[in-house]
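*Asks:* fold the following and give me the result.
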Amino acid sequence: MYFSDTTQTFSLKQTTAPAEEPVTTSEAKTFARIEFSEEDTLIASLVAAARYHAEIYTRRQFVTATWRLSLDWFPDEILLPRSPGVTVTSITYAGTTEGTWDTLATSQYVVDTDSEPARIWPTLSAVWPITLDVPQAVKIVYTAGYGAATAVPEGIKTAIKWLVGWWMENREAVNEIPAAFYLLLDPFQVGDP
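*Replies:* Got it, this is the predicted structure:
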């Protein structure tokens with residue numbers, strides 16, 4: 001749970017996708033010892049699927065992307081899904097006048113990027129503003145990720161390549177991903193499983 005108030009609902013939407021995958025098709029093929037190019041499109045889609053599984057499991061963003069977290073109100077502390085490298089772009093909220101959105105000044109909040117997940121809370125001299133009682137009254141836009149694909153830790157890349165190789169060898173319908181994939185990712189997990 002990302003919020004101290006368990007009744008809080010939220011939505012998380014990626015608004016700008018990463019510019020590249022953390023593992024190239026060529027890297028995945030080399031790892032899996034695949035020398036032909038007839039299935040490069042399939043391998044590229046498997047890289048994307050493996051990356052998606054790895055990001056969900058670790059609660060991380062690998063290559064930098066932009067996210068929008070929407071909350072129904074300001075909780076005491078806001079935990080931002082998707083570490084690391086968080087930079088908050090804006091915090092907007094439905095002010096007390098219907099139909100208006102206000103932007104919270106950066107002097108009104110503190111972002112702790114040393115913690116994982118990163119967290120936001122009001123400065124000592126501030127309190128969270130009152131919002132209208134409407135769904136998704138608070139919107140936080142932020143970027144997260146290690147940076148470019150070259151900055152993604154090798155352990156994460158190895159897990160992605162391993163899963164692509166496993167999928168290439170096991171094309172029949174399989175109901176679960178082997179535990180080895182998750183064991184490779186365990187050191188990178190953020191928060192409670």
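
*Asks:* show me the shaky parts of this protein.
*Replies:* Counting by pLDDT under 70, the chain has low-confidence residues at 1-8, 173-174, 192-193.

*Asks:* and the residue nearest the centre of it?
*Replies:* Nearest to the geometric centre of the chain sits Arg82, at 3.2 Å (C-alpha atoms, centre = their mean).

*Asks:* mind checking how far it is from Val63?
*Replies:* 12 Å (C-beta to C-beta, to the nearest Å). In short, each C-beta sits where N, CA and C put it, glycine included.

*Asks:* now for the two: what residues contact both?
*Replies:* Shared contacts of Arg82 and Val63, defined by C-beta atoms under 8 Å, 6 or more residues apart in numbering, are found at Gly145.

*Asks:* spatially nearest residue to Lys13 (excluding sequence neighbours)?
*Replies:* Closest residue to Lys13 apart from its sequence neighbours, by C-beta to C-beta, 6 or more residues apart in numbering: Arg68 at 5.0 Å.

*Asks:* is it true that that neighbour lies in a helix?
*Replies:* No - Arg68 sits outside any helix when classified using DSSP: H, G, I helix; E, B strand; the rest coil, being strand.

*Asks:* check contacts around it.
*Replies:* Residues near Arg68 by C-beta under 8 Å, 6+ apart: Leu12, Lys13, Thr15, Lys139, Ile140, Val141.

*Asks:* the fifth one pairs with what?
*Replies:* It refers to Ile140. The partner list for Ile140 in beta bridges (DSSP bridges) reads Leu69, Ile91.

*Asks:* what is the burial count for it?
*Replies:* Ile140 has 23 neighbours, counted by other C-beta atoms under 10 Å.

*Asks:* the first one too?
*Replies:* The number of residues packed around Leu12, counting by other C-beta under 10 Å, is 13.

*Asks:* that one sits in which helix or strand?
*Replies:* Taking DSSP states H and E as the criterion, Leu12 maps to strand 10-16.

*Asks:* strands paired with that strand, and their directions?
*Replies:* Its sheet considered, strand 10-16 pairs with strand 65-71 (antiparallel) by DSSP bridges.

*Asks:* mind giving me the packing neighbours of the very next helix or strand once past the strand it pairs with?
*Replies:* For strand 65-71, the following helix or strand on the C-terminal side (DSSP H and E) is strand 78-79. Counting contacts by 3 or more C-beta pairs under 8 Å, 6 or more residues apart in numbering; DSSP states H and E, strand 78-79 packs against strand 119-122.

*Asks:* and the strand it packs on, what other elements does it pack with?
*Replies:* If contacts are counted by 3+ C-beta pairs under 8 Å, 6+ apart, strand 119-122 sits against strand 78-79, strand 109-112.
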